[in-house]
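Trainee: please find the sequence and the predicted model below.
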Amino acid sequence: MRNQPTTEPDLTSSGPRRSVRSAASALTGALAYERVRLTRSLFTWMLLGVAIVVSTGGAWLSVTAGISTKLDLAGGKSVAAVSTGFALIPHLAALSGLASISGDGGTAVARSLFMWVPSRWPVLVAKIALQVAVAVALSAGAVAGALTGLALGTSAAPETSAEALRVVLGGVPAAVLLALLGLGIGAIARRAIDGYLMLFGLILVLPVIAGGFGLGSPGLASVARLLPMAAANAMFDPLQNSMTASAWSDVATLTVWAAGALIIGSFALYRRDIT
Amino acid sequence: MIETVGLVKVRGQRRVVDDAYLKVAGGRVTAFLGPNGAGKSSTMRLIAGLDRPTAGTALVDGRPIGSWEHPASMLGGLLDPPAIHPRWRVHEHLRYLGATHGLSRSRVTEVVEECGLDGFRDRRGRELSLGMRQRLGIAMAILANPANLMLDEPANGLDPQGMRWLRRLLRHYAEAGAVVLLSSHQMREVQDIADDVAVILNGRIVTHRPIAKFLIGTDQRTVVRTPDADRLGPAIQRAGGRIVNEPGRLVVVGLSGDQVGRLAFEHQAQLWELHTELAALEDVYLDFIDSELAAERVVPSSPRRALLDIHTSAPGISHAQPANN
């Protein structure tokens, strides 16, 4: 420790530090924080690792053990591999979105962050931007894993198919929207544990309940169609029954969930005292 | 300058900050005192922009903290307890925050060394002792070379070496012209380092004056060591002084050092030691709080009273004219 302090307070009356905040500068600062934090976060890399490993294993199993029902489609093995590989990605993306904000609040780090970036909305926008990037990265990891599993499981070159491409084109926005849903829930919940309970309840527990525990109740089935995971699965599962009028309505359903969570979450974040 | 103008914060049914008026100028260390639950931390959180005020404003150099381009360059804040992530390493705390203001890694390294954390830079938050966590919190507060410092209980957990370092740091900032506002329950440290005292009670600033003025009017103590206490003691009491017996010495209240010295000369009492000392800040502060609480029950104080205190007490402080009470 130095005997004499060397940090000199900057008391100059002019200069960029004393200029009034611009929206761009606050957002730039928040983006830099999120970028540096996420790229150094072990949790982020673990999620990516899980995505790759699970998609590789799932794809390999789907083509070697013949457990996937997608094998009968044109380009069946490709479709089976990619769709199986994507199965867990929406869940991981939702978890990433939630953790990006509950991690700050649950550890009181939000206090120091909001002292350095007092304006709430740039922080939320930065988290949204970075979580979109994480969801895309997870999706890319899933595709890479699926192709790897497919290559490991087949001796011949896999067929390309429009269905396989549809899985990817549907899976990426599904992951993105679920990441934003997780982020919105994290902003709504005061405590990290509440956020996790809300998210898992919504994406894991409610679908089971709404599915009527397999009892086939029509009333519950109509509710199940409107849940976010059902919409997400319909977006990238080529064999999912078309439970809505068109593929775009699945996107709309999931978008409404994500947007609603973000709107409510941003309002809660704006109004809330940061503890 | 750090300023609060009619600041109010209501939580539930309680006004935790009740029409607080405070104006803290640069170049001085101001101790922000008050009992537990008085509103110190709430006031600091409002100044830092973490809480939204119910009414009134909190200003740093004339603007709300959130309106500055680089808020951490205008106000370096440490709130109790420090915001430490259990899994982040020491340097990561500084690096992530520094990224918001475009601060370089060399600046992070510089602050790590300055705060005595260079042997701990790779330790995770959960591995840090209380003192190290406090040093990290202070490091985060000074990372951006702030023009104003606001520290809530900065001395918690610091060892004597850390306390000395903290004193030097705060004086360094104050002598450079920065505002230094700190809250602490460690009265001895406050008495050693603070220039001014601001007291908050039931959410309202009840006084803000130089510490010397805060202690004036209390009974000055004259400490005497003499082998002739049997002769000098009665003489002191006849002269109107009150003696507080302490082991090995006489503590005289009500007579100045000159008066006691003259009595010793007149009664041919040897003196081994004679000096005067102000009452301990802790005693004065506690008496002040008791009297304020008693007075509040009769007549609630004006919210602007503290502004009047500081303007009439310290000619050297430059302030705007106080509002009328």
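Mentor: That came through fine. Numbering: from 1, shown residues only, chains lettered A, B, ... in the order given.

Trainee: and the longest helix for chain A?
Mentor: Secondary structure assigned by DSSP state H gives helix A:120-153 as the longest helix of chain A.

Trainee: helices along the stretch 1-150 of chain B, start to end?
Mentor: Applying DSSP state H, counting those that start in this stretch to the stretch 1-150 of chain B gives helices spanning B:40-48, B:71-74, B:90-100, B:105-114, B:130-142.

Trainee: how many neighbours does the nearest residue to A:Gly145 once chain neighbours are set aside have?
Mentor: Closest residue to A:Gly145 apart from its sequence neighbours, by C-beta to C-beta, 6 or more residues apart in numbering or on different chains: A:Ser55 at 3.2 Å. Using the backbone N, CA and C atoms, a C-beta is placed for each residue, glycine as well. Residues lying near A:Ser55 (other C-beta atoms under 10 Å in any protein chain shown) number 29.

Trainee: quick check: B:Tyr21 touching B:Thr4?
Mentor: Yes. The pair B:Tyr21 / B:Thr4 is scored as a contact, 6.3 Å apart, by C-beta atoms under 8 Å.

Trainee: quick check: neighbours shared by the two?
Mentor: Contact with both B:Tyr21 and B:Thr4 is made by residues B:Ile205, according to C-beta atoms under 8 Å, 6 or more residues apart in numbering or on different chains.

Trainee: so stretch A:258-269, near chain B or not?
Mentor: No. Residues of stretch A:258-269 contacting chain B under C-beta under 8 Å from any C-beta of the partner chain: none, with a closest distance of 11.5 Å.

Trainee: tell me how many other residues crowd the residue in the stretch 51-200 of chain A positioned nearest to chain B.
Mentor: Of all residues in the stretch 51-200 of chain A, A:Pro118 sits closest to chain B, at 3.5 Å by C-beta to the nearest C-beta. Counted with other C-beta under 10 Å, the neighbours of A:Pro118 add up to 23.

Trainee: is it part of a helix or strand, or is it coil?
Mentor: Under DSSP: H, G, I helix; E, B strand; the rest coil, A:Pro118 falls in the coil class.

Trainee: these two touch, right, it and B:His70?
Mentor: No. A:Pro118 is beyond contact range of B:His70, at 10.9 Å (criterion: C-beta under 8 Å).

Trainee: what's the single longest helix in chain B?
Mentor: helix B:281-298.

Trainee: what's next to that helix, contact-wise?
Mentor: Contacts for helix B:281-298 (C-beta under 8 Å, 6+ apart): B:33, B:35, B:187-188, B:190-191, B:197, B:199, B:201-202, B:206-207, B:211, B:214-215, B:218, B:301.

Trainee: what's downstream of the helix or strand containing B:Tyr173, the next helix or strand?
Mentor: Per DSSP states H and E, B:Tyr173 falls inside helix B:160-175. Sequence-wise, the next helix or strand downstream of helix B:160-175 (DSSP H and E) is strand B:179-183.

Trainee: so what are the sheet partners of that following strand and their directions?
Mentor: strand B:29-33 (parallel), strand B:148-152 (parallel) (DSSP bridges).

Trainee: the helix holding B:Tyr173 vs helix B:105-114, what angle?
Mentor: 120 degrees (axes from the mean of the first three to the mean of the last three C-alpha atoms, to 10 degrees).

Trainee: and helix B:160-175, how far from the chain's centre?
Mentor: How far helix B:160-175 lies from its chain's middle: 13 Å, per C-alpha atoms, centre = their mean, to the nearest Å.

Trainee: and the average pLDDT for it is what?
Mentor: Mean pLDDT, computed over helix B:160-175, is 91.

Trainee: that helix and chain A in contact?
Mentor: Yes. Judged by C-beta under 8 Å from any C-beta, helix B:160-175 comes into contact with chain A at B:Gln161, B:Trp165, B:Arg168, B:Leu169, B:His172, B:Tyr173.

Trainee: just the buried positions in the longest helix of chain A, please.
Mentor: A:120, A:122-128, A:130-132, A:134-139, A:141-143, A:145-151, A:153 (16 or more other C-beta atoms under 10 Å in any protein chain shown).

Trainee: near chain B, which residues of the stretch 151-275 of chain A?
Mentor: Near chain B, when you scan the stretch 151-275 of chain A using C-beta under 8 Å from any C-beta, you find A:Arg271, A:Asp273, A:Ile274.

Trainee: secondary structure and pLDDT added to the residues you listed, as CSV?
Mentor: Converted to CSV, these look like this (DSSP: H, G, I helix; E, B strand; the rest coil; pLDDT from 0 to 100):
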residue, secondary structure, pLDDT
A:Arg271, helix, 86
A:Asp273, coil, 81
A:Ile274, coil, 81
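
Trainee: show me the shaky parts of the stretch 101-250 of chain A.
Mentor: In the prediction, the stretch 101-250 of chain A carries residues with pLDDT under 70 at positions A:106, A:155-160, A:212-220, A:238-246.

Trainee: what segments of it are strands?
Mentor: Counting by DSSP state E, counting those that start in this stretch, the stretch 101-250 of chain A has no strands to list.

Trainee: can you give me the helices in it?
Mentor: Applying DSSP H, counting those that start in this stretch to the stretch 101-250 of chain A gives helices spanning A:109-116, A:120-153, A:162-188, A:192-200, A:206-210, A:218-225, A:228-236, A:247-271.

Trainee: surely A:Arg52 meets A:Ala144?
Mentor: Just to correct that, residue A:52 is Ile rather than Arg. Yes. Assessed by C-beta under 8 Å, A:Ile52 is found in contact with A:Ala144 at 6.4 Å.

Trainee: so what are the structural domains in chain B, by residue number?
Mentor: Listed domain ranges for chain B are B:2-215, B:221-277 (source: the TED database).

Trainee: okay if I get those domains as TSV plus mean neighbour count?
Mentor: Listed next are the domains of chain B as TSV, based on neighbours: other C-beta atoms under 10 Å in any protein chain shown:
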stretch	mean neighbour count
domain B:2-215	21
domain B:221-277	15
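
Trainee: residues touching the residue nearest to A:Gly145, list them.
Mentor: Contacts for A:Ser55 (C-beta under 8 Å, 6+ apart) come out as A:Thr84, A:Gly85, A:Phe86, A:Leu88, A:Ile89, A:Gly141, A:Ala142, A:Val143, A:Ala144, A:Gly145, A:Ala146, A:Gly149.

Trainee: same deal with A:Arg40?
Mentor: By C-beta under 8 Å, 6+ apart, the contact set of A:Arg40 is B:Glu92.

Trainee: what do you get for B:Gly76?
Mentor: B:Gly76 makes contact with B:Ala141, B:Ile142, B:Leu143, B:Ala144, B:Pro146, B:Asn148, B:Leu149, B:Met150 under the criterion C-beta under 8 Å, 6+ apart.

Trainee: this completes my enquiry, with thanks.
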